[in-house]
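Engineer: Using only what follows, build the 3D model:
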Amino acid sequence: MTPTDSFLLRHLGWLLLAKAIALGALWWFFVHDAKVPVDPVAMSAHLMGSAADQGGKHGH
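Structural biologist: Take a look at the predicted model:
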């Protein structure tokens with residue numbers, strides 16, 4: 001491995017680490033506390049409707 005290759009690998013490693021830290025910080029500040037309320041009755045009705053639609057003929 002040449003010194004240029006070693007420098008490139010080290011540089012790319014630091015960039016990937018910085019990117020992972022940035023993505024982690026973005027997730028922590030914007031997504032971490034996000035809660036999505038789910039209504040069990042509405043969800044089961046939605047899933048049952050989707051399952052019934054799959055049995056029909058498509059495109060005919």
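Engineer: Every contact and neighbour count from this point should use C-alpha atoms.
Structural biologist: Noted.
Engineer: Mean confidence (pLDDT) on the helix or strand encompassing residue 23, please.
Structural biologist: Here residue 23 sits within helix 3-30, counting by DSSP states H and E. Regarding helix 3-30, the rounded mean pLDDT is 95.
Engineer: for the helix or strand just after it, packing partners?
Structural biologist: Using DSSP H and E, the helix or strand that directly follows helix 3-30 along the chain is helix 40-53. Using 3 or more Cα pairs under 8 Å, 6 or more residues apart in numbering; DSSP states H and E as the contact test, no helix or strand touches helix 40-53.
Engineer: Any idea how far helix 40-53 is from the middle of the chain?
Structural biologist: Centroid separation between helix 40-53 and its chain, computed with Cα atoms, centre = their mean, to the nearest Å, is 24 Å.
Engineer: quick one: the residue most central in space within the chain and residue 21, what's the gap?
Structural biologist: Nearest residue to the geometric centre of the chain (Cα atoms, centre = their mean): residue 27, 10.6 Å. Plainly put, residue 27 is 10 Å away from residue 21 if you go by Cα to Cα, to the nearest Å.
Engineer: Can you give me every residue that contacts residue 8?
Structural biologist: For residue 8, no residue meets the contact criterion (Cα atoms under 8 Å, 6 or more residues apart in numbering).
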